[in-house]
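[1] with the input below, show me the fold.
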Amino acid sequence: MLDLALFAFVMGLLALGVKRPFLWVLAYIYIDILAPQKIGWSITAALPLSLIAFCAAFAGWLLADSKRGSRFTYRQFLMLLLLIYSGWTTLNADFPEPALEKWGWVWKALVFAIFLPLTLTTRLRIEAAALVMLLTAGAIIISGGIKTALGGGGYGGLHLFVNDNSGVYESSTLATIAVAIIPLALWFTRHGTIFPPDWRVKAFAYALIFACLLIPVGTEARTGLLCIAVLAVLLLRDARRRLAYIAGGAALALVALPFLPQSYYERMATIGEHEGDESASTRVAVWDWTLDYVQENPLGGGFDAYRGNSFTYDIPVVTGEGNNRAIRSEAVTDEARAYHSAFFEVLGEQGWPGFLVWMALQASGLWQMERLRRRWRVPDPPSPGKGDAEPPEAASIDIWQAPLASALQLAQIVYLVGALFQGIAYQPFILMLIGLQIGLWSYCRRRDSARVQRETRERRTAPLASDADRTGLTPSALP
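    I've put the predicted structure just below:
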């Protein structure tokens with residue numbers, strides 16, 4: 001039944017896209033995040049759903065969708081540049097077969113992220129894309145949150161929809177995404193229009209946020225705890241009652257402490273002691289190796305270049321208990337260890353050129369969202385109609401652009417914190433998030449451009465109106 005339900009839902013969504021091609025874009029977002037073809041086992045698994053939705057989204061936009069408002073921006077150019085350069089390094093990779101395997105999904109993620117902003121030309125479309133991303137990731141997160149609350153979970157033991165430790169379903173990646181979407185969920189409790197923010201929407205959003213906070217506990221991902229701490233500090237920026245926010249957060253943390261499993265405490269205790277943890281020690285050794293590697297290969301080694309690493313490092317080993325406790329150093333040799341950091345992942349695979357492009361993509365996103373946050377705190381009122389004493393619906397203006405820009409900025413910062421310790425430089429969900437940022441930026445720029453044109457017209461017609469008032473003639477009657 002589950003397989004049939006997934007198949008019917010996807011097919012229904014694709015069928016609706018015949019009348020509204022933009023729905024095919026939403027269908028691809030849903031399929032790419034949830035991966036229903038991995039959840040199903042017969043019909044759903046037999047069809048290339050991702051490829052079908054991918055082609056339908058592009059064909060629908062090219063053939064049937066309006067291109068009005070579509071713009072190719074600077075950040076899309078950066079992603080295109082990264083795509084081209086990644087293709088070149090793949091052709092010259094140190095390990096061609098693994099590089100081609102990774103290229104097989106990276107290019108699709110980059111192409112769709114470049115394409116997505118071209119379709120986000122209205123507020124409704126921007127909100128719809130954000131909502132589908134939130135609810136699709138939320139389906140995975142709610143499932144994991146329920147299992148955690150019922151006593152399941154543990155490092156590597158939180159079973160989700162699929163038994164596949166990759167993509168969104170990888171524990172640390174899911175923990176990072178779960179924390180990153182919290183600001184977006186909060187935005188929908190205040191500014192959503194598809195589901196107006198009544199008590200039902202708010203109750204669901206707060207329950208989803210609670211599930212998001214449970215995911216780092218259920219996965220025991222150390223990165224998730226760091227992301228929560230960073231987000232808690234960042235939310236102070238927009239908090240209206242900061243003292244109440246701090247007190248509430250501290251009280252919530254104290255209440256939660258007795259319910260956390262002992263294994264969670266033990267794993268979190270290794271955050272500050274990387275020398276005593278083999279996993280953390282390996283990461284430091286890989287990062288050192290990557291820095292040495294790019295000195296000799298400044299253009300990078302292509303995808304999965306880490307397979308060429310080999311290093312020996314010492315870790316302390318504790319033996320005995322109590323007064324007989326002794327610590328000795330033990331040499332460990334490791335090979336082909338992954339980067340465990342998006343920054344070093346890009347640096348090792350794409351060299352300094354790709355790293356600079358990727359960093360420019362991230363930095364420009366933070367800068368653009370900050371500009372929108374400051375610019376749209378108080379929006380421009382709509383132009384008054386003919387004979388109106390004040391702008392129509394002036395009292396109902398919804399200041400939604402700045403809060404959405406702030407939510408997307410906070411989500412990106414959380415991602416960058418998580419990316420310090422995970423190789424998620426090309427994570428499709430995050431690239432879609434970048435596409436949302438670009439779509440919002442383009443939308444607001446169009447609004448600004450329209451405002452400038454309107455003000456220019458008003459300045460030009462003002463002298464004519466003044467002459468008409470003095471002479472008693474209408475502007476159209478003036479020479």
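[2] where does the nearest residue to S442 once chain neighbours are set aside land in three-state SS?
    Closest residue to S442 apart from its sequence neighbours, by CB to CB, 6 or more residues apart in numbering: R71 at 4.9 Å. No exception for glycine: its C-beta is placed from N, CA and C like everyone else's. Following DSSP: H, G, I helix; E, B strand; the rest coil, we place R71 in the coil state.
[3] contacts for the helix or strand containing A175 next, please.
    Following DSSP states H and E, one finds A175 within helix 171-180. With CB atoms under 8 Å, 6 or more residues apart in numbering as the test, helix 171-180 has contacts from 137, 140-141, 144, 155-156, 158, 160, 165, 167-168, 211-213, 215-216, 219-224, 227-228, 231, 410-412, 414-415, 417-419, 421-422, 424, 427, 429-430, 433.
[4] and after it, which helix or strand comes next?
    Next along from helix 171-180, by DSSP H and E: helix 182-191.
[5] surely R373 touches L408?
    No - R373 is beyond contact range of L408, at 9.5 Å (criterion: CB atoms under 8 Å).
[6] so between those two, which is more surrounded?
    L408 (28 against 20; other CB atoms under 10 Å).
[7] what's the distance between that one and Y415?
    10 Å (CB to CB, to the nearest Å).
[8] spit out the residues that contact the two alike.
    Common neighbours of L408 and Y415 (CB under 8 Å, 6+ apart) are L433.
[9] re earlier: contact partners for the residue nearest to S442?
    Counting by CB under 8 Å, 6+ apart, R71 has contacts 117-118, 442, 445-446.
[10] which of these fall in helices?
    Those of those mapping onto helices are 117-118, 442, 445-446, per DSSP state H.
[11] which two of those have the greatest separation?
    Greatest spacing in these, by CB to CB: L118 and R445 (14.1 Å).
[12] surely S143 touches L158?
    No - S143 is not in contact with L158 according to CB under 8 Å; the separation is 9.4 Å.
[13] name the residue in the two with the higher neighbour count.
    When neighbours are counted by other CB under 10 Å, S143 and L158 differ, and L158 comes out ahead with 24 against 15.
[14] what strand or helix carries the closest residue to G308 other than its chain neighbours?
    Of all residues not flanking G308 in the chain, D94 sits nearest, at 5.6 Å (CB to CB, 6+ apart). Counting by DSSP H and E, no helix or strand carries D94.
[15] ditto for Y313
    strand 310-319.
[16] rounded mean pLDDT for that strand, please.
    For strand 310-319, mean pLDDT rounds to 71.
[17] and what about T121, helix, strand or coil?
    coil.
[18] what about it, neighbour count?
    If we define neighbours as other CB under 10 Å, then T121 has 21 of them.
[19] can you pull the contacts of it?
    Contacts for T121 (CB under 8 Å, 6+ apart) come out as 66, 68-70, 439, 442-443.
[20] who wins on neighbours among those?
    Counting neighbours by other CB under 10 Å, G439 comes out on top of the contacts of T121 with 26 neighbours.
[21] per-residue pLDDT of it, please?
    95.
[22] same deal with D380?
    pLDDT, D380: 56.
[23] same check on T471?
    Reported pLDDT for T471: 58.
[24] try the one 3 residues further on
    The pLDDT attached to T474 in the predicted structure is 51.
[25] picking that back up, buried ones among the contacts of helix 171-180?
    137, 140-141, 144, 158, 160, 167-168, 211-213, 215-216, 219-224, 227-228, 231, 410-412, 414-415, 417-419, 421-422, 424, 427, 429-430, 433 (16 or more other CB atoms under 10 Å).
[26] show me where pLDDT drops low in the stretch 301-450 of the chain?
    314-330, 379-398 (pLDDT under 70).
[27] where do the strands sit along it?
    Here the stretch 301-450 of the chain has its strands, by DSSP state E, counting those that start in this stretch, at 310-319, 326-335.
[28] most neighbours of all the ones in helices among the contacts of R71, which one?
    Going by other CB under 10 Å, P117 tops the ones in helices among the contacts of R71 with 27 neighbours.
[29] residues contacting it?
    71, 73, 76, 435, 438-439, 442.
[30] of all residues in the protein, which one is nearest the centre?
    Per CA atoms, centre = their mean, the C-alpha nearest to the average position across the chain is that of I430, at 3.3 Å.
[31] helix or strand: which one has the closest residue to H340 other than its chain neighbours?
    Nearest non-adjacent residue to H340, counting by CB to CB, 6+ apart: R283, 4.4 Å away. According to DSSP H and E, R283 maps onto helix 278-296.
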